[in-house]
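K.L.:
Output the structure for:
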Amino acid sequence: MSGTLKVSTEGAVRILVNCNPQARNALSPELYEALPRALQEAAADPTIGAIVLTGEGGFFSAGGDLRRLARAHELAPEARRANIEKLHGLIRAIRNCPKPVIAAVEGGAAGAGASLALACDMLVASRDAFFSVAYVKVGLTPDGGVTAFLAQSMPRQLMTELCLSGDRLPAERLHALGVVNRLTEPWRALDEALILVGGIARGPARAMARIKQLCANAYGASVAEQLDLEADLMVVSQGDEEAIEGIAAFFRK
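P.N.:
Numbering: from 1, shown residues only. Predicted coordinates for the structure are as follows:
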């Protein structure tokens with residue numbers, strides 16, 4: 001246990017659990033420090049091939065703590081920006097992690113909790129889970145990169161409706177849009193995430209890090225830029241021991 005983060009390992013998978021169930025796993029200052037550190041430690045551990053992020057007690061995360069946000073107006077703009085950057089540092093830590101990060105969502109992912117889930121490389125969610133970007137209901141605007149992630153996965157009109165209404169979007173609808181990789185029965189999201197990532201976690205680590213880079217870059221790059229990056233990374237991969245050993249193992253079969 002590190003602050004509000006519980007860390008465990010199952011095989012080649014590191015499991016990170018946000019443990020703040022009395023506040024529906026609202027994001028805390030402790031988590032802003034503990035989660036990036038845990039991601040860095042998992043990335044540096046050669047025995048770990050993938051990471052699963054979830055919440056304790058049947059709810060992924062309610063996002064920012066409104067009790068703290070209610071006092072934000074008392075701070076200078078520079079201090080408010082510094083607080084927001086703590087969240088954004090957490091999002092960057094997930095996006096920049098060289099190993100696959102999978103969110104296992106039970107209950108709901110709201111506000112910055114939705115940002116946290118959507119920042120992950122893959123999503124597993126229970127059928128009764130929901131996602132919401134309800135900042136508008138308290139006079140705030142989205143943060144945590146959620147508008148960037150939604151724009152990658154749905155039409156502008158749907159994203160605008162979701163952000164302006166603050167309504168809940170069922171996990172089943174996000175699954176139909178391709179945002180959620182797997183739907184499960186309630187209380188089975190973590191188990192299904194471990195099944196999904198089990199084989200992936202045993203894959204070639206450096207190749208997977210390059211694949212993550214390609215997938216992330218593809219949404220903002222032109223075809224020409226993506227072709228160049230693919231060529232650059234393929235050149236590196238062809239000279240890597242992972243590929244040399246992998247190709248030799250293929251022929252031995």
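K.L.:
quick one: A119 and L35, what's the gap?
P.N.:
With distances taken as C-beta to C-beta, to the nearest Å, A119 is found 11 Å from L35. In short, each C-beta sits where N, CA and C put it, glycine included.
K.L.:
Pull the number of nearby residues for L16.
P.N.:
L16: 22 surrounding residues under other C-beta atoms under 10 Å.
K.L.:
Which phi and psi values does it adopt?
P.N.:
Dihedral pair for L16: phi -120, psi 120, per degrees, to the nearest 10.
K.L.:
helix, strand or coil for the residue lying closest to it once chain neighbours are set aside?
P.N.:
Excluding the flanking residues, the one nearest L16 by C-beta to C-beta, 6 or more residues apart in numbering is L53, at 5.0 Å. Secondary structure state of L53, per DSSP: H, G, I helix; E, B strand; the rest coil, is strand.
K.L.:
so who does L53 touch?
P.N.:
16, 18, 35, 94, 101-104, 116-117, 120 (C-beta atoms under 8 Å, 6 or more residues apart in numbering).
K.L.:
Specify the beta-bridge partners of it.
P.N.:
Judged by DSSP bridges, the bridge partners of L53 are L16, A103.
K.L.:
That one and E172: what is the separation?
P.N.:
Using C-beta to C-beta, L53 is found at 21 Å from E172.
K.L.:
what's the answer for G63, then?
P.N.:
21 Å.
K.L.:
Settle it for me: which of these two has more neighbours?
P.N.:
Between G63 and E172, G63 has the larger neighbour count (other C-beta under 10 Å), namely 28 against 15.
K.L.:
give the contact list for that one.
P.N.:
26-27, 109-115.
K.L.:
which of those residues tops the neighbour count?
P.N.:
In terms of neighbours by other C-beta under 10 Å, those top out with A109 at 32 neighbours.
K.L.:
Under a three-state scheme, what state does that one occupy?
P.N.:
What three-state DSSP gives for A109 is strand.
K.L.:
That one and F131 touch, don't they?
P.N.:
Yes. Here A109 reaches F131: they are 5.0 Å apart, a contact under C-beta atoms under 8 Å.
K.L.:
Now do the helices in the stretch 51-200 of the chain.
P.N.:
Under the criterion DSSP state H, counting those that start in this stretch, the stretch 51-200 of the chain contains helices at 66-69, 77-96, 112-119, 146-153, 156-165, 171-176, 189-198.
K.L.:
Now distance to D240 too, for those, in CSV please.
P.N.:
Shown next, in CSV, are those (distance: least, C-beta to C-beta, whole Å):
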stretch, distance to D240
helix 66-69, 46
helix 77-96, 20
helix 112-119, 27
helix 146-153, 29
helix 156-165, 38
helix 171-176, 35
helix 189-198, 22
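K.L.:
for the ones you listed, which one sits closest to A44?
P.N.:
When the helices of the stretch 51-200 of the chain are compared by C-beta to C-beta, helix 77-96 sits nearest A44, at 13.1 Å.
K.L.:
Who are the packing partners of the closest one?
P.N.:
Counting contacts by 3 or more C-beta pairs under 8 Å, 6 or more residues apart in numbering; DSSP states H and E, helix 77-96 packs against helix 29-44, helix 112-119.
K.L.:
how does it look with 10 Å?
P.N.:
The contact analysis (3 or more C-beta pairs under 10 Å, 6 or more residues apart in numbering; DSSP states H and E) places helix 77-96 against helix 29-44, helix 66-69, strand 101-105, helix 112-119, helix 146-153, helix 205-218.
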